[in-house]
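Got a sequence here, can you build the structure:
(one chain, ligands or ions: 1)
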Amino acid sequence: MSRWLWALFAPVMLFGDGGALFEKHCTSCHVRHVDFTTLAKNFMESNNTLLNLKAPALNQIRFRVMQRVGDPEGDAEFHRIEVTGFISDYVLNPDRDKSVCMPEVMRFFETMESLKGKIGEEELQSIAEWIYEGAEQ
Ligand code: HEC
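Predicted coordinates for the structure are as follows:
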């Protein structure tokens, strides 16, 4: 492949399948997007009976992770590494003590089960990059 074509397609080849991989590995529990008004109603007023979510919605998780992992005001590339690192680590080693989600939301869920052995490192990296990019919105 010429260098130009490579420059054009490399990002897609590396991260472009993040959405499909998220569908495959994560949507059995995480829906991609619910608007914040409905989420607030669901978790604050209706004890999760409005949406009956099995896990926090992805846009909700992304919002928290982007604000609460690393330094959102610092270097953008470094923040990307911190955020994608947090997501990848959480999927393999979920732990409530590491959670950045709101306690008011977390009270409805058991700690996520680890996907160790069920997902490849590269797949996970693609998903984490895709989440960072906010492509689900
Ligand atoms: C079997 C259901 C299930 C699957 C599959 C699943 N999750 Fe989760 N996940 C949960 C639940 C429940 C929570 C909320 C409790 C928690 O944070 O541990 C959660 C929380 C999270 C969090 C938030 C951590 C925090 O700060 O609390 C991230 C990030 C996450 N999941 C990413 C993923 C990704 C990426 C995938 C797919 C590769 C995935 N999950 C697949 C159930 C699941």
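
Would you mind listing what in the chain touches the ligand?
25-26, 28-30, 55-56, 61, 87, 90-91, 94, 99-101, 106, 109-113, 115, 119, 127 (Cβ under 6 Å from any ligand atom). All C-beta spots, glycine's among them, are computed from the backbone N, C-alpha and C.

List the buried residues for the longest helix along the chain?
When the chain is parsed with DSSP state H, its longest helix is helix 76-92. For helix 76-92, a neighbour-count test (16 or more other Cβ atoms under 10 Å) marks H79, E82, V83, T84, F86, I87, S88, Y90, V91 as buried.

next one: stretch 50-69
Buried-residue list, stretch 50-69, by 16+ other Cβ under 10 Å: 53, 55-66, 69.

Filter these down to the ones in strands?
The strands in this structure, assigned by DSSP state E, contain none of the buried residues of stretch 50-69.

Among those residues, pick out the one closest to the ligand, please.
Ranked by distance to the ligand (Cβ to the nearest ligand atom), the buried residues of stretch 50-69 are led by A55 at 3.5 Å.

Pop out the phi and psi values for that closest one.
Here is the backbone geometry of A55 (degrees, to the nearest 10): phi -160, psi 160.

residues in contact with it?
Taking Cβ atoms under 8 Å, 6 or more residues apart in numbering as the contact definition, A55 lies against C29, H30, F109, M112.

Could you rerun that using 10 Å?
Shown in contact with A55 (Cβ atoms under 10 Å, 6 or more residues apart in numbering): 26-31, 61, 101, 105, 108-110, 112.

Now do it, the pLDDT please.
pLDDT, A55: 98.

now do E77
Looking at E77, its pLDDT is 96.
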